[in-house]
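# How does the following fold in three dimensions:
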Amino acid sequence: MTWSDTAGACIVVAVRASSKIRPDHPFRLLLVDDDRELVELLAAVLRGEGYDVDVALDGQRGLHLALTRPYDVVVIDRGLPVIDGLDLLSRLRSRSVRTQALMLTAMGSVRDRIDGLDAGADDYLTKPFDLGELIARLRALCRRAAELAAVLRIGAGRLELEQHQVVLPDGEKIPLTTREFALLRVLATHPETVHTRSALRRTVFQDAPSQSIVDTYVHYLRTKVGRSVVQTVQGIGYRLGAL
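Numbers count the residues shown, from 1 in each chain. The predicted model follows:
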């Protein structure tokens, strides 16, 4: 079976037998491509492989989703409306979004591949492509994302996700409660983002009647880990600090 995109390139979609990814929490993918028919096909196939897939048909929407939702891998076309693929990826990297990125594009010269990798892509695949190869590359990127996700950096320290603890620069380990951990994880996942109190309450403390609970848990984190771990942005909210 073949697929023809709007430029006339044929994409081989004869899918080889592959073991589907079925983790406890499916890997999350974002597909950013203005070829609606193509992304709908890819989304359907990848969902069948066990992925949780979102789609954006232009660079502006892709940027918004990648900045506001956690993904394991983002797949980006180069020739996007509104914001092109290279600019989109550069903006994400400039805002410390380290999501694994695969450029999937018809622009396949050596110079094009170099530009994509220099912009922050972790892999580069040209159209026409074999779907089995794309799926294999996504599996590899998801494995890398899972390895990197085990630790989030906080300045010279780190947040260990499996152990629910902060490791200070001197090696001291500080265990966190479930809610302390959840709050710090949100901040550390988007270290350049200023989070409002209302947004943090919706994300971390859904059952809390008041957003003052955010201030309470910021106080707990600062008492346990150090005042610099969370920065206050006057009139707006909080952002990740450093250790």
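
# Please pull up the helix or strand immediately following the helix-or-strand element of the chain with minimal mean pLDDT.
In the chain, no helix or strand scores lower on mean pLDDT, DSSP states H and E than strand 10-12, which sits at a mean of 39. Moving toward the C-terminus from strand 10-12, the next helix or strand (DSSP states H and E) is strand 28-32.

# Let me have that following strand in CSV, keeping just the CA atoms, if that works.
Provided in CSV are the C-alpha atoms of strand 28-32 (Å, rounded to 0.1, in the frame of the first residue of the first chain):
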residue,chain,number,x,y,z
ARG,A,28,2.5,10.8,24.1
LEU,A,29,3.2,12.0,20.5
LEU,A,30,2.5,15.3,18.8
LEU,A,31,2.3,15.3,15.0
VAL,A,32,2.8,18.8,13.4
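
# what helices or strands is the helix or strand encompassing residue 187 leaning on?
Here residue 187 is covered by helix 178-189, with elements defined by DSSP H and E. Judged by 3 or more CB pairs under 8 Å, 6 or more residues apart in numbering; DSSP states H and E, helix 178-189 is in contact with strand 151-154, strand 157-160, helix 197-204, helix 212-225, strand 237-240. C-beta here means a position set from N, CA and C on the backbone, and glycine is covered the same way.

# let's go with 6 Å and repeat that
For helix 178-189, the packing partners by 3 or more CB pairs under 6 Å, 6 or more residues apart in numbering; DSSP states H and E come out as helix 197-204, helix 212-225.

# can you list these in TSV and add mean pLDDT?
Shown next, in TSV, are the helices and strands packed on helix 178-189 (pLDDT from 0 to 100):
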stretch	mean pLDDT
helix 197-204	91
helix 212-225	96
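
# What about residue 48, how many residues nearby?
Using other CB atoms under 10 Å, residue 48 has 10 other residues around it.

# now do the one 10 residues further on
For residue 58, the number of neighbouring residues by other CB under 10 Å comes to 16.

# wait, it sits on residue 85?
No. If you go by CB atoms under 6 Å, residue 58 and residue 85 don't touch, sitting 10.7 Å apart.

# rewinding a little: residues in contact with the helix holding residue 187: which ones?
For helix 178-189, the external contacting residues (CB atoms under 6 Å, 6 or more residues apart in numbering) are 152, 154, 159, 164, 203-204, 217, 220-221, 240.
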